[in-house]
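# Task: produce atomic coordinates for the following.
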Amino acid sequence: MTGSCSLARTLILVGAGLFLASGPTMAQETAWGAPNLQGVWDFRTITPLQRPEELGDKAFLTAEEAANQEQEVVERNAELLSAPAQRTEAGGNLGAYNNFWMDRGTTTVGNRRTSLIIDPPNGRIPAVTDAGRARSIRVGSFNVDVPASYTDLSNADRCIMGFNAGPPITPGGYNQNVQVFQTPDHVVLLTEMVHTARVIPLDGRPALKDSVQQWSGDSRGHWEGDTLVVETENFLDGDAYSTWRGSSKDMKLVERFTRLDAETLVYEFTVSDPATWASSWTTQHQMQLSDLDMFEYACHEGNYAMPQMLGGARALEAEETGQ
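Have a look, this model is predicted:
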């Protein structure tokens, strides 16, 4: 953690009236005396990951500005809900789900920040390397214009990884929930998107060898006071597979989970990957406790999407060759 990031986090928490040092008196404890992070946590927010460039150095919204933004979202959702249906025509860009299926939330983060990124101070992702930019292409819907096989489709299209499940976890679209389970020796993070479960040892065992790479990396956790710190390495080779925002296999991720109060879990992460970004960067988010259960995430709606995408590609080829 860089000194500037630590200072930024301290100023943000104090400025928002969030004193995490008081965690022991605020958070429930497990039967074995650890801070209780268990539950289903909702990470929807209309606060963007990056600060809009036109806001410059403005780190926080006023109460009035935040209320206006939230009201605009409510009004837009209502307008789209009552809008007449539009029939989709075959060919061209078919678009995505309509707004009914989206679940982006209607509120800013509790302390009204203008971005989830707290370091760099400008609230924006650092410059991306050429190699990182090339890898990031594989995160999109198609790696090539006309896929020859399923291997040409991104991991998200193949339902291997979710676009908001991470690691790290970032808001986006829908299914924005993570459930935390704890034992004395393990923590499990189950994301609703693609129902990925990360089983994180807390018993001090060594990390896996560098040669053992995994979709979600290899995680090890430990407690720093009342904060759960999870360090993750050994991600799959980003030059061979689509990865998180174009990250490389050498990305190092540090996540921090702190129970702020009965309803709030502060989630912070720092990514370091010189092969992808010019410098490390850090975000901080406040997840809210949900009283709903996790829902099953059914990717590919009956497994029709993959053959339809490939069938469409074959139709395009036939059209071009006149066969």
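
# Quick check: residue 296 vs residue 192, distance?
Going from residue 296 to residue 192 by CB to CB, to the nearest Å gives 9 Å. In short, each C-beta sits where N, CA and C put it, glycine included.

# scratch that, residue 107 is what I was asking about
19 Å.

# What residues does residue 113 make contact with?
When contacts are counted by CB atoms under 8 Å, 6 or more residues apart in numbering, residue 113 touches 12, 47, 59, 60, 61, 123, 284.

# pLDDT, secondary structure and neighbour count added to those, as a markdown table?
Below are the contacts of residue 113 laid out as a markdown table (pLDDT from 0 to 100; DSSP: H, G, I helix; E, B strand; the rest coil; neighbours: other CB atoms under 10 Å):
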| residue | pLDDT | secondary structure | neighbour count |
| --- | --- | --- | --- |
| 12 | 43 | helix | 17 |
| 47 | 97 | coil | 23 |
| 59 | 96 | coil | 20 |
| 60 | 97 | strand | 16 |
| 61 | 97 | coil | 19 |
| 123 | 97 | coil | 26 |
| 284 | 97 | strand | 25 |
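
# Dump the residues you listed into a markdown table; add distance to residue 305 as well.
A markdown table is the format used below for the contacts of residue 113 (distance: CB to CB, whole Å):
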| residue | distance to residue 305 |
| --- | --- |
| 12 | 41 |
| 47 | 31 |
| 59 | 41 |
| 60 | 41 |
| 61 | 38 |
| 123 | 35 |
| 284 | 35 |
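
# and of the residues you listed, the nearest to residue 203?
Using CB to CB, residue 284 is the member of those that sits closest to residue 203, with 27.6 Å.

# hang on, that closest one packs against residue 267?
Yes - counting by CB atoms under 8 Å, residue 267 is a contact partner of residue 284 at 7.3 Å.

# circling back: of residue 296 and residue 192, who's got more company?
Taking other CB atoms under 10 Å, residue 296 and residue 192 do not tie; residue 192 has more neighbours (22 against 7).

# can you pull the pLDDT of the more buried one?
If you check residue 192, the pLDDT there is 94.

# Residue 125 now?
At residue 125, the pLDDT value in this model is 97.

# That one belongs to a strand?
No - per DSSP: H, G, I helix; E, B strand; the rest coil, residue 125 lies outside any strand segment and is coil.

# That one reaches residue 117, doesn't it?
Yes - using CB under 8 Å, residue 125 makes contact with residue 117 at a distance of 6.9 Å.

# quick one, which of the two is more surrounded?
The residue with more neighbours, out of residue 125 and residue 117, is residue 117; 22 against 19, by other CB under 10 Å.

# where do the helices sit along the stretch 201-323 of the chain?
For the stretch 201-323 of the chain, the helices defined by DSSP state H, counting those that start in this stretch occupy 305-321.

# In the stretch 201-323 of the chain, where is pLDDT below threshold?
Low-confidence segments of the stretch 201-323 of the chain, defined by pLDDT under 70: 240-242, 301-303, 323.
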